[in-house]
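Q: A predicted structure for the sequence below; I have some questions about it.
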Protein chains: 2
Amino acid sequence: MSKATIYDVAGAARVSLATVSRAINNPEKVKPETRERVLRVIEELGYKPNAFAKGLASRKSTTVAVVVPDMSRASIAEMMNGIADIARVYKYSILLYVLESEDASEEDILREIIAAQVDGILYLNDEITSPQYEFLRTIKNTYQIPVVLTNTFYPEDDEIPSVSIDYERAGYEITKKLLDEGRKHIYMVSTVRKYMVNDLKEAGYLRAMNESGLEPKVMRTSGRISINTEHFNEYFKDNKVDGVIAVRDSIAISFMNVAFENDVRIPEDIGVCGFQNTKYARLARPQLSCVDLPIYDMGAVGMRLLTKLMNKEEVTDRVIKLPHSIVLRKTTL
Amino acid sequence: MSKATIYDVAGAARVSLATVSRAINNPEKVKPETRERVLRVIEELGYKPNAFAKGLASRKSTTVAVVVPDMSRASIAEMMNGIADIARVYKYSILLYVLESEDASEEDILREIIAAQVDGILYLNDEITSPQYEFLRTIKNTYQIPVVLTNTFYPEDDEIPSVSIDYERAGYEITKKLLDEGRKHIYMVSTVRKYMVNDLKEAGYLRAMNESGLEPKVMRTSGRISINTEHFNEYFKDNKVDGVIAVRDSIAISFMNVAFENDVRIPEDIGVCGFQNTKYARLARPQLSCVDLPIYDMGAVGMRLLTKLMNKEEVTDRVIKLPHSIVLRKTTL
DNA sequence: CTGAAAGCGCTTACAG
DNA sequence: CTGAAAGCGCTTACAG
């Protein structure tokens, strides 16, 4: 039959609806006996409070909005797992908003989120522009709803907390690794489109190269993943390249494929490193060395931080950088 | 600067709140002049109806629940893109529920979904068990809320509509392809854990092999993706294998890696095929031939079907199979 | 075409 | 510790 309401429970337990409400939300405020009686009836009737009525009356939704650019990126999906796990622990529901739609601007979508009365917003992205940041800040302040950036941060300001990774340092460290192998002509392969996270990796690479008095060389692929033969001939064939760091695993693998066609030995002739440690790094031949990024953790920590904010708990660390590591496999010496 | 309510709009437009409500939801029922006046005020005030009040009063949420087993599977993520795009077109919000949690049983999660008052449920999975199906059917009938299965279906019953792929036929066709190349000793590599979709691929493989009077051979990997040297020695080394069909691209790639270590030439000695056509099929060396699955479309069509159901439109096709295709690359002749 | 009013199912001061 | 009652912000018959 149709759903039981709080009235049904109150009737069956012979108490008022106020008591039922308290038995659920403030158990300590009701006498143990009546509380148990109420709880038993709730069990029997399979009663679940109507989320709308609850949200309307309490002005809290126990729902968070998760805003993502595009689900099909491996990192986004894995972060969602971390988010979902923590959300469940703290009993929050997740409203999912996928940007990158022709039908609606980002602003429209954020307005929609406000109307949905979420308690918090988790903003996942590789980057954030000034207007985007300002808009989020306005939302936060106008509607008093906490926002957390995940996998990105805004360099000039920390009003909106963020959890991310020290990409600059990771870029530095992985370059160092190749440098330590005695390599001197190391390329960084990045993307044409500017992403904040990739720019940071690049900055780290530049720092390491400069420290060693070596000339940095950056190549930018236009496609999403592929290094093709033309690229290879243009950038790598004539140069005495002995190291390649790609901003994504897939770019590294793609590079290896053309390199093999051109009889390059990896890692002997060229050392190759990727970023992220996707499961495909292990499927590459040879297995790819790369920076290991704690993607799941980023989602989990971001969500946890948001729960603290929603709960008005004290948050000391507003800009969290999660530790990464470097996984050495077969594409480095 | 708290949010404007319907009262604020009514006041500013000098009408009753009923008229405001109509201007939004049944514009044809209000005189053009007043409608425009109301709409202008709404614009000025940046008014957005409170989703809770609306949901409570109208008993509709314009929200659907999407239930997934694990976000990090590439197919799930890509389906979410299709779902999100169509959801946006029809103005539905998405509540995301990730199963596979120790903290809550699937039943608990479904109860939670009911409490959230969603208008429909999209159930994404590789398979569905009898108890799961029965439970979904109960929900559908008890609460009158439409459910659509995506990427799976229930063989014995079509009460719950589904959109999926003819995996059996795909398995048959890809086996045929290898058979047509003159290969006779074709292995199917599946998973130890039984998944409905994999069993169907296997059934198609068996049919093709039997038709040709050839002996079918199935190997099951225990790990999630890897074929290791032991597997290779046990199954492939002594046998005169000349074809391998893997139920996932990653398994096919993993097989290729050990095969190369053992000096097998692909596709000359062994033809290899995968399933799904992930972007990693193109990153494999040699590039992997495989069945191409319309993953995005499955999400989109599933969501579209759900909107029809929620709208009480007539639905003739309750069991939809989307067309797949076969992409031939370098691991077949 | 428009308004007054009841009602959706909860929470939460306020009394007692 | 418990109950009566107001109120959250909408929708929707029902009159007019």
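A: All right, it came through fine. Numbering: from 1, shown residues only, chains lettered A, B, ... in the order given.

Q: tell me which parts of the stretch 1-150 of chain A are close to DNA strand D?
A: Applying Cβ under 7 Å from any atom of the strand, one finds that the stretch 1-150 of chain A approaches DNA strand D through A:14-19, A:22, A:28-31, A:33-35, A:53, A:56-57, A:59. (Glycine included, C-beta is placed from N, CA and C.)

Q: Contacts only, for A:Arg183.
A: By Cβ atoms under 8 Å, 6 or more residues apart in numbering or on different chains, the contact set of A:Arg183 is A:242-243, A:271.

Q: again, 10 Å this time
A: By Cβ atoms under 10 Å, 6 or more residues apart in numbering or on different chains, the residues touching A:Arg183 are A:175, A:177, A:214, A:241-244, A:267, A:270-271, A:332-333.

Q: Which residue would be the closest one in the stretch 151-300 of chain A to DNA strand C?
A: The stretch 151-300 of chain A approaches DNA strand C most closely through A:Pro161 (25.5 Å), counting by Cβ to the nearest atom of the strand.

Q: The nearest residue to that residue once chain neighbours are set aside: neighbour count?
A: Distance criterion Cβ to Cβ, 6 or more residues apart in numbering or on different chains; nearest residue to A:Pro161, sequence neighbours excluded, is A:Arg318 at 4.3 Å. Neighbour count for A:Arg318, taken as other Cβ atoms under 10 Å in any protein chain shown: 15.

Q: before we move on, what about A:His185?
A: If you count neighbours by other Cβ under 10 Å, A:His185 ends up with 15.

Q: Equivalent analysis for A:Thr221, please.
A: The number of residues near A:Thr221, taken as other Cβ under 10 Å, comes to 21.

Q: Kindly report the same for A:Lys217.
A: What A:Lys217 shows, counting by other Cβ under 10 Å, is a neighbour count of 15.

Q: Go ahead and confirm it touches A:Met209.
A: Yes: contact criterion Cβ atoms under 10 Å: A:Lys217 and A:Met209 qualify, at 8.6 Å.

Q: Overlap of the contact sets of these two?
A: Common contacts of A:Lys217 and A:Met209 (Cβ under 10 Å, 6+ apart): A:186, A:188.

Q: Give me the distance between the two termini of stretch A:87-98.
A: Stretch A:87-98 has its terminal residues 18 Å apart, counting by Cα to Cα, to the nearest Å.

Q: Ignore what I typed, I meant stretch A:11-24.
A: Stretch A:11-24 has its terminal residues 16 Å apart, counting by Cα to Cα.

Q: ok now that stretch, how far from the chain's centre?
A: Centroid separation for stretch A:11-24 versus its chain: 42 Å, with Cα atoms, centre = their mean, to the nearest Å.

Q: what about A:Asn25, how many neighbours?
A: Neighbourhood size, A:Asn25 [other Cβ under 10 Å]: 11.

Q: Now, the residues of the stretch 1-150 of chain A next to DNA strand D that are in strands?
A: When those are checked against strands (DSSP state E), there are no matches.

Q: For the buried ones among the residues you listed, write the corresponding PyMOL selection.
A: One line in PyMOL is enough to select the buried ones among those; burial here means 16 or more other Cβ atoms under 10 Å in any protein chain shown:
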select buried, chain A and resi 15+19+22+30+34+35+53+56
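
Q: Now list the buried members of the contacts of A:Arg183.
A: Looks like the contacts of A:Arg183 have A:175, A:177, A:241-244, A:267, A:270-271, A:332 buried, using 16+ other Cβ under 10 Å.

Q: just so I have it, where are all the helices in chain A?
A: A:6-13, A:17-25, A:32-45, A:51-58, A:74-89, A:106-115, A:130-143, A:167-180, A:196-211, A:229-231, A:249-261, A:279-283, A:295-310 (DSSP state H).

Q: where in the stretch 151-300 of chain A is pLDDT low?
A: By pLDDT under 70, the weakly predicted segments of the stretch 151-300 of chain A are A:223-226.

Q: Show me which residues of it are close to DNA strand D?
A: Counting by Cβ under 7 Å from any atom of the strand, the stretch 151-300 of chain A comes close to DNA strand D at no residue.

Q: What residue in the stretch 151-300 of chain A comes nearest to DNA strand D?
A: Closest point on the stretch 151-300 of chain A to DNA strand D, by Cβ to the nearest atom of the strand, is A:Ile160, at 25.6 Å.

Q: hmm, which two among the buried ones among the contacts of A:Arg183 are most spread apart?
A: Distances among the buried ones among the contacts of A:Arg183 were taken as Cβ to Cβ; the most separated pair is A:Lys177 and A:Val241, at 16.3 Å.

Q: Keep only those of the buried ones among the contacts of A:Arg183 that are in strands.
A: A:243-244, A:271.

Q: Which of these sits closest to chain B?
A: Chain B lies nearest to A:Val244 out of those, by Cβ to the nearest Cβ, at 15.4 Å.

Q: is it true that the residue of the stretch 151-300 of chain A closest to DNA strand C touches A:Leu136?
A: No: A:Pro161 is beyond contact range of A:Leu136, at 11.4 Å (criterion: Cβ under 10 Å).

Q: Overlap in contacts, the two.
A: Common neighbours of A:Pro161 and A:Leu136 (Cβ under 10 Å, 6+ apart) are A:147-149.

Q: Now, of these, which are buried?
A: Those of the shared contacts of A:Pro161 and A:Leu136 that meet the buried threshold are A:147-149, by 16+ other Cβ under 10 Å.

Q: which one among those gets closest to DNA strand D?
A: Proximity of those to DNA strand D (Cβ to the nearest atom of the strand) peaks at A:Val147, which lies at 21.6 Å.

Q: Was I right to think the closest one contacts A:Arg137?
A: Yes: the pair A:Val147 / A:Arg137 is scored as a contact, 8.0 Å apart, by Cβ under 10 Å.

Q: Could you pull out the residues contacting both of the two?
A: The contact sets of A:Val147 and A:Arg137 overlap at A:159-160 (Cβ under 10 Å, 6+ apart).

Q: Quick check: end-to-end length of stretch A:39-59?
A: The first and last residues of stretch A:39-59 sit 24 Å apart, counting by Cα to Cα.

Q: buried ones in that stretch?
A: Using 16+ other Cβ under 10 Å as the test for burial, stretch A:39-59 gives A:39, A:41-42, A:47-56.

Q: This completes my enquiry, with thanks.
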